[in-house]
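Participant: give me coordinates for this.
(2 chains)
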Protein chains: 2
Amino acid sequence: MKLYDYFRSSAAYRVRIALGLKGLAPERAFVHLRRGAQREDDYLALNPQGLVPSLVTDDGAVLTQSLAIIEWLDETHPRPPLLPSDAAGRARVRALALAVACDIHPLNNLRVLNYLTGTLGVTEAQKNGWYRYWCDTGLEALETQLARDAATGAFCHGALPTLADICLVPQLANARRVDLDLAPYPKLLAIEAACLALPAFAAAAPARQPDAE
Amino acid sequence: MKLYDYFRSSAAYRVRIALGLKGLAPERAFVHLRRGAQREDDYLALNPQGLVPSLVTDDGAVLTQSLAIIEWLDETHPRPPLLPSDAAGRARVRALALAVACDIHPLNNLRVLNYLTGTLGVTEAQKNGWYRYWCDTGLEALETQLARDAATGAFCHGALPTLADICLVPQLANARRVDLDLAPYPKLLAIEAACLALPAFAAAAPARQPDAE
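Facilitator: Okay, the predicted model is just below:
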């Protein structure tokens, strides 16, 4: 198995956490997004979207999209499970994960920020305002959903980490990079603290990767 | 079962297709996004994200996020399946679906377009340029992925519709609304034609909904 990774990609960060929870340590290659390595022919041949992560399986299949990769890991390496055993629980966990992966993260991606400043010519302050606005909008809804639901435990769903926590922790790391005030999100911060106490989450942090700058 | 729907929401459109393929016709309520009904207290109490769709199950659980809802439908109503039976196939289908749901659609959402024109003050032409740019970027990668892979059949994955087709068709409908030139995407157009020949896809189209304007 080989992971195409970049320390600061929060989608790659999710996959690193999942691999760690499963006790897997694949070979790794680093795709330097800020230098544009994702747009080089070799990488595009592997992943036409030019995004990280990609995971090449032992039989040569190229898997893309972090959530699809994590579902595959969970199906092929079932212990410990990253989704609850009941359909309603799985729907809840997937929805929490997608609330990050669809409704926050894509808006704060490097390529989107580059379009805002490059093509649309918005100022640095406007760009940071955009970043914070979509973070806050998404985190506020997550805080409400998690705080009011008895299914929330030490983690997003009960007493064990799931796909939802795997998406939440990298998003909070991103929020901190733009100095977002996280005080309005006590439930999210408590869950993050529970996650970061686990070696798989801690070891996946951007600053601890071999390509970190 | 009750679906909170809006004719022009492409996330709701995905769920309508899935329900149709499963032969399900739940009760429906319509949330008028352009009039801001998604931000009214009643709806926010149901879905703190203020997005459609939401699906209330027969035992009162509120499911959110279109892909989580569709995975739940597939688990609780397995025939016909919306995902392949093998893990690698499921990973491929989910990745194709997420390439639309994470990397195209969130950037072209109504709330994002409103932020561009309202808060950032971009022109109508710049807004449409943004819309087309992210559509083209995403569809180009999908065309490449689908055209080169023997796993692609009449549909995105083989001879039957899956979650990937369910995401693709509404995205192409959106692309047409901004007059995107779809000629560079012959594989996507062929798959779309195969889908629209099926009653479940045709009946889910925005123009055929009771709340269509």
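Participant: and the strand or helix carrying A:R14, what does it pack onto?
Facilitator: Secondary-structure element containing A:R14, defined by DSSP states H and E: helix A:10-21. In terms of contact count using 3 or more C-beta pairs under 8 Å, 6 or more residues apart in numbering or on different chains; DSSP states H and E, helix A:10-21 is assigned the packing partners strand A:2-5, helix A:66-76, helix A:163-177, helix A:199-203. Heads up, the C-betas are built off the backbone N, CA and C, glycines and all.
Participant: what residues are up against the nearest residue to A:S10 once chain neighbours are set aside?
Facilitator: With C-beta to C-beta, 6 or more residues apart in numbering or on different chains as the measure, A:P170 is the residue that lies nearest to A:S10, at 3.7 Å, once sequence neighbours are left out. Contacts of A:P170 were listed using C-beta atoms under 8 Å, 6 or more residues apart in numbering or on different chains, and they are A:S10, A:A11, A:Y13, A:R14, A:I17.
Participant: any idea how far A:P170 lies from chain B?
Facilitator: Between A:P170 and chain B the computed distance is 14 Å (C-beta to the nearest C-beta, to the nearest Å).
Participant: picking that back up, so which of the helices and strands packed on helix A:10-21 is nearest A:R90?
Facilitator: Proximity of the helices and strands packed on helix A:10-21 to A:R90 was assessed by C-beta to C-beta; the nearest stretch is helix A:163-177, lying at 8.9 Å.
Participant: report the buried residues of that closest one.
Facilitator: Taking 16 or more other C-beta atoms under 10 Å in any protein chain shown as the basis for neighbour counts, the residues of helix A:163-177 that come out buried are A:163-175.
Participant: please give the centre-to-centre distance between the helix holding A:R14 and its chain.
Facilitator: Between the mean C-alpha point of helix A:10-21 and the mean C-alpha point of its chain there is a distance of 7 Å (C-alpha atoms, centre = their mean, to the nearest Å).
Participant: quick one: mean pLDDT over that helix.
Facilitator: The predicted model assigns helix A:10-21 a mean pLDDT of 98.
Participant: give the pairing partners of the helix or strand following that helix; include direction for each.
Facilitator: Read in the C-terminal direction, the helix or strand following helix A:10-21 is strand A:27-30, with elements assigned using DSSP H and E. Taking DSSP bridges as the criterion, strand A:27-30 forms sheet pairs with strand A:2-5 (parallel).
Participant: give the rounded mean pLDDT of the strand it pairs with.
Facilitator: Averaging pLDDT along strand A:2-5 gives 98.
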